[in-house]
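[1] this one's structure only:
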C-alpha cells in the first residue's frame, strides 16, 4: 500500500525567504505526482503535476522536483509572500487512485 | 467552465438519516472520485468511477454508496449517517487515467452528523 508522508507538518517563515516542502512515498511505481494548495475551508487548487518520466516542473515562483527511485519530491517556493500561507498537499497517482499526504501548513509572516 | 461543482456546501444530519451529496463536472472527464478529508489524515478515497455505469471501492467505502448513470454526475449516498462520517467531502475528476492527467477538485461539502 502506498504511504505518503509530508514533513514538516507546519512551517513558519518570514516574508521573502526561500523554502522547501518535502514529500516522500513508499512505492516508486507511480504515474505522476501532484502538488496542491488548500486555503482554510476551501477546496484543493492544483499547483504542479509531474509525470513519472519527468524530473521537475516549474510555475512562476514554484518548482517541484521528483526522484522516483528515492521516493521523494520537493516543492520549492522562492521569495515567499504572505499570500503563500496555506496548506500544501502532495499526492502520488497510479492508474485509478491518488494517495495524499497529510499536508504541510505554511505561514509566511510579513 | 464551471469545472467540478459540489452541492450542498454545508449539511448537518442527525444520526441515522440518509442523504445524497451531489457532484457534477462539465469537462467530459471519464474518471470521477469521492474523497473524505479528516484532520491530520489527509484525503482518503471512498469510491471512484472510470466511466458511466462503472464504479469501484476505494480505501474507506463502508457506509457510502455511489452510482454513475451519466458522464457528468457522480452522487455519493450516505445510507445511515453516523458521527464518524463527520468530515469534509471532496469530489474530483480527471481525464481518462488519473495517473496521466491529475485531478480537478470541487470546493467540498462540510458534513456534520450529530
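    Sure thing, it's come through. What you see is a predicted model, and the numbers here were worked out from it, not measured in a lab.

[2] average pLDDT for the longest strand along chain B?
    Longest strand of chain B, by residue count under DSSP state E: strand B:42-51. Averaged over strand B:42-51, pLDDT sits at 93.

[3] can you list the strands that that strand pairs with?
    Looking at strand B:42-51 with DSSP bridges, its partner strands are strand B:31-38 (antiparallel), strand B:54-57 (antiparallel).

[4] next secondary structure after the shortest one?
    Translated: strand B:54-57. Helices and strands here follow DSSP states H and E; after strand B:54-57, the next one along the chain is strand B:64-66.

[5] in its sheet, what does the next helix or strand after that next one sit against?
    Next helix or strand after strand B:64-66 toward the C-terminus (DSSP H and E): strand B:76-78. Applying DSSP bridges, strand B:76-78 is found paired with strand B:19-25 (antiparallel), strand B:64-66 (antiparallel).

[6] redo the ones you listed as a markdown table? Include mean neighbour count and mean pLDDT.
    (Glycine included, C-beta is placed from N, CA and C.) Below are the strands paired with strand B:76-78 laid out as a markdown table (neighbours: other Cβ atoms under 10 Å in any protein chain shown; pLDDT from 0 to 100):
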| stretch | mean neighbour count | mean pLDDT |
| --- | --- | --- |
| strand B:19-25 | 19 | 97 |
| strand B:64-66 | 19 | 97 |
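
[7] related to what we said a few turns ago, list the buried ones in the longest strand of chain B?
    Buried residues in strand B:42-51, counted by 16 or more other Cβ atoms under 10 Å in any protein chain shown: B:42-50.

[8] return the distance of that strand from the chain's centre.
    Centre-to-centre, strand B:42-51 and its host chain are 7 Å apart (Cα atoms, centre = their mean, to the nearest Å).

[9] which other residues reach it?
    A:4, A:89, A:91, A:96-98, A:100-103, B:30-38, B:55-61, B:64, B:66, B:68, B:71, B:74, B:76, B:89-90, B:96 (Cβ atoms under 8 Å, 6 or more residues apart in numbering or on different chains).

[10] many thanks, we can stop here.
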